[in-house]
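Asks: just a sequence and a predicted model for now, questions to come.
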Amino acid sequence: MEGRPRTGWAAAAVESLDMGDMVRFVRDGQPFQGYQAGESGPGVILIQEWWGLVGHIKSVADRLADEEFVVLAPDFYDGRQTDEPDEAGSLMMALDIEMAAEMVRASVDHLLADERVGGEKVGVVGFCMGGQLALYAATIDQRIGAAVDFYGIHPNVKPDLERLEAPLLGLFASQDEYASPEAVKALDEELTRLDKPHEFHTYDAQHAFFNDDRPAVYDPGAAADAWQRMLAFFRKHLEA
């Protein structure tokens, strides 16, 4: 977009899918890939669960595109996916956090350089591992103007909450052994102490209640309410 820096940025569609495209983008010579959907509107970075850039995450990107957002779901595992919890846990723990930070910055570069994206800031949302990375992303790049954390967890990702400037929406589950109610309470108290704008909602549901590919934990009522809260939050804080 005119007036925005393009230094170190490049992207090209490499694979056509049903609603979006797999794109490649580069920051300072480092290549990344991700799934992008949307014709016009505010930009949103969508961060995967520990399973990888699977069909569920692409479907969430498509749904956001239908709501008039331009969405980029970066592939933090560089093409690797799994449906086995043990392997997913290993992939999550092997994630290079510094490289993940560069991918976040490259994703912001990519969206803000796209003429279809309106506004000077983008949003970020993530689920499980991605929820913690979404919060982290908002502390390392001030071009992120709104962050949504769905039951975020990653033991190696320690956001510097003093650097958080974007408003935060947290969506959690009461029956969650990963992002436990105690951990959510502690996060709420720390954000309050630091006077950081945030809004938390906890549902009577299990971890990953939003994932409709996992019938054992999917909660349609909680998922629908969380979806509407997220849309309203992004529309409030991200202006085209």
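Replies: The structure has been received and is ready for your questions. A quick note: this is a predicted structure, and the numbers were derived from the prediction, not measured.
Asks: which strand runs longest in the chain?
Replies: The strand that spans the most residues within the chain, counting by DSSP state E, is strand 117-127.
Asks: show me the contact partners of the helix or strand following that one.
Replies: Sequence-wise, the next helix or strand downstream of strand 117-127 (DSSP states H and E) is helix 129-140. Contacting residues not belonging to helix 129-140 are listed as 45-50, 76, 92, 95, 100-101, 104-105, 124-126, 144, 147-154, 157-161, 163-166, 168, 179 [CB atoms under 8 Å, 6 or more residues apart in numbering]. The way it works is simple: take the backbone N, C-alpha and C, and place the C-beta from them, glycine included.
Asks: helix 129-140 vs strand 117-127, what angle?
Replies: Using axes from the mean of the first three to the mean of the last three CA atoms, to 10 degrees, one finds that helix 129-140 and strand 117-127 are set 130 degrees apart in direction.
Asks: what residues of helix 129-140 count as buried?
Replies: Met129, Gly130, Gly131, Gln132, Leu133, Ala134, Leu135, Tyr136, Ala137, Ala138, Thr139, Ile140 (16 or more other CB atoms under 10 Å).
Asks: ok, those residues vs Glu239, which is closest?
Replies: Set against Glu239, the nearest of the buried residues of helix 129-140 by CB to CB is Ala138 (17.2 Å).
Asks: on that earlier part again, just the ones of the contacts of helix 129-140 in helices?
Replies: The helices, defined by DSSP state H, take in Met92, Ala100, Ala101, Val104, Arg105 from the contacts of helix 129-140.
Asks: check what pLDDT the closest residue to the last one other than its chain neighbours gets.
Replies: This means Arg105. Nearest in space to Arg105, with sequence neighbours left out and distances taken as CB to CB, 6 or more residues apart in numbering, is Asp141 at 5.7 Å. The confidence metric pLDDT takes the value 97 at Asp141.
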